[in-house]
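1. Structural data only, the sequence is not supplied:
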């Protein structure tokens, strides 16, 4: 039995990445969730790191200092016990950059990492010979609804942060000459100031409605299904769970063009992943709305994102991580569609 500790909090009743890691664990792998005490003093065979910046960030200086001290203790424990680190690269870089001290600490984690999981082909890896592409699994079976789309409704949802382009979306929608169009913004803003800014923008256009709060899974599913088009105008998009949630619920998405979104469109179907170049504007929204309202045969092809297969590949990574300097095999560079 391989005991794997993920740097993820225990499930809290909402659907999060940790739920999939636990549910998809293959035979012979036991998943443990993160606490500092368990990480420093507990017994496990592999540490699986996700979003490493979360290990050291805190809104207060004293909190950051305490977390960095705990991380130093954790790294010392891993070195003494020769426990390997596996890291999933969810983003090429944190969306909100940290300071130089944080960068130095995260660099130490990277140098100690024994194996890298990439969520899509083309993601740069610090060690190609010790990397495997394992795609993010879909949400079918977990998220289901038969709610029909509201004609003309566009939606942005999720944790609302400045880099996700919410203000730019509201501004572009305001220029859209369509009295029947609707824009719905659903999710919790990351700060009170950002919430106030969104409310000021939205109050200028009666077609824009806001639900600025944490939304339980069941309500979020219905919000997505009621949308004719999901718009996610992130300033940076490499991997996005929100995109996969929308596609799992059979709703097309409008996203900025990048190598990752082009790859996703090729995988799931061009008509499901609509892309745009340059700043988002009303013309782009109008064209996307027409495309979204058009008939799309079948469903997005998410066959390469089955969680059972994702779990099997994670199990293979853990076994390889436990063998230092194991030469890369051809299997390591295959992805979850294999």
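-> Received, thanks. Computed from a predicted model, the values in this text were never measured in an experiment. Residues are numbered from 1 along each chain as shown.

2. Show the pLDDT at the closest residue in space to residue 217 that isn't next to it in sequence.
-> Residue nearest to residue 217 in three dimensions, not counting chain neighbours: residue 15, with 5.4 Å by Cβ to Cβ, 6 or more residues apart in numbering. Any C-beta I mention is one placed from the backbone N, CA and C, and that applies to glycine too. Looking at residue 15, its pLDDT is 73.

3. Now do the same for residue 15: helix, strand or coil?
-> coil (DSSP: H, G, I helix; E, B strand; the rest coil).

4. Give the burial count for it, as a bare number.
-> 18 (other Cβ atoms under 10 Å).

5. I figured it was touching residue 142, is that so?
-> Yes - assessed by Cβ atoms under 8 Å, residue 15 is found in contact with residue 142 at 5.7 Å.

6. So which elements touch whichever helix or strand residue 263 is part of?
-> Assessed by DSSP states H and E, residue 263 sits inside helix 259-268. For helix 259-268, the elements it packs on are strand 273-276, judged by 3 or more Cβ pairs under 8 Å, 6 or more residues apart in numbering; DSSP states H and E.

7. just checking, what packs against the longest helix along the chain?
-> Across the chain, the longest stretch assigned as helix under DSSP state H is helix 61-81. Counting contacts by 3+ Cβ pairs under 8 Å, 6+ apart, helix 61-81 packs against helix 36-41, helix 100-112.

8. Same list (those) but as a markdown table, adding mean neighbour count.
-> Conversion of the helices and strands packed on helix 61-81 to a markdown table gives the following (neighbours: other Cβ atoms under 10 Å):
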| stretch | mean neighbour count |
| --- | --- |
| helix 36-41 | 14 |
| helix 100-112 | 14 |
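
9. of all these, which lies closest to residue 121?
-> helix 100-112 (20.6 Å; Cβ to Cβ).

10. can you list the residues that contact that closest one?
-> 49, 52-53, 55-57, 68, 71, 75, 78-79, 85, 87, 98, 126 (Cβ atoms under 8 Å, 6 or more residues apart in numbering).

11. repeat for stretch 163-173
-> Residues outside stretch 163-173 that contact it (Cβ under 8 Å, 6+ apart): 95-96, 154, 156, 158, 160, 181, 183, 185, 197-198, 201-202, 205, 207-208, 231-236, 279-282, 284-285.

12. Please flag which of those sit within helices.
-> 197-198, 201-202, 282, 284-285.

13. Farthest pair within the residues you listed?
-> Pairwise over the ones in helices among the contacts of stretch 163-173, using Cβ to Cβ, the maximum falls at 197 and 284, 22.4 Å.

14. where does the stretch 151-300 of the chain dip in pLDDT?
-> Under the criterion pLDDT under 70, the flagged ranges of the stretch 151-300 of the chain are 295-296.

15. what about the strands in it?
-> 153-157, 182-186, 208-211, 229-231, 253-256, 273-276 (DSSP state E, counting those that start in this stretch).

16. Determine the set of other helices and strands touching the shortest one.
-> Spelled out, it's strand 229-231. strand 153-157, helix 241-248, strand 253-256, helix 282-293.

17. again with the last one
-> In this structure, strand 273-276 packs against strand 253-256, helix 259-268, helix 282-293, with contacts taken as 3+ Cβ pairs under 8 Å, 6+ apart.

18. Try it again at 10 Å.
-> strand 229-231, helix 241-248, strand 253-256, helix 259-268, helix 282-293 (3 or more Cβ pairs under 10 Å, 6 or more residues apart in numbering; DSSP states H and E).

19. Out of these, flag the one nearest residue 177.
-> So among the helices and strands packed on strand 273-276, helix 282-293 is nearest, using Cβ to Cβ, at 7.4 Å.

20. outside of that closest one, which residues touch it?
-> With contacts defined as Cβ atoms under 10 Å, 6 or more residues apart in numbering, helix 282-293 is touched by 149, 151-154, 169, 171-178, 181, 183, 227-231, 233, 251-255, 271-272, 274-278, 280.
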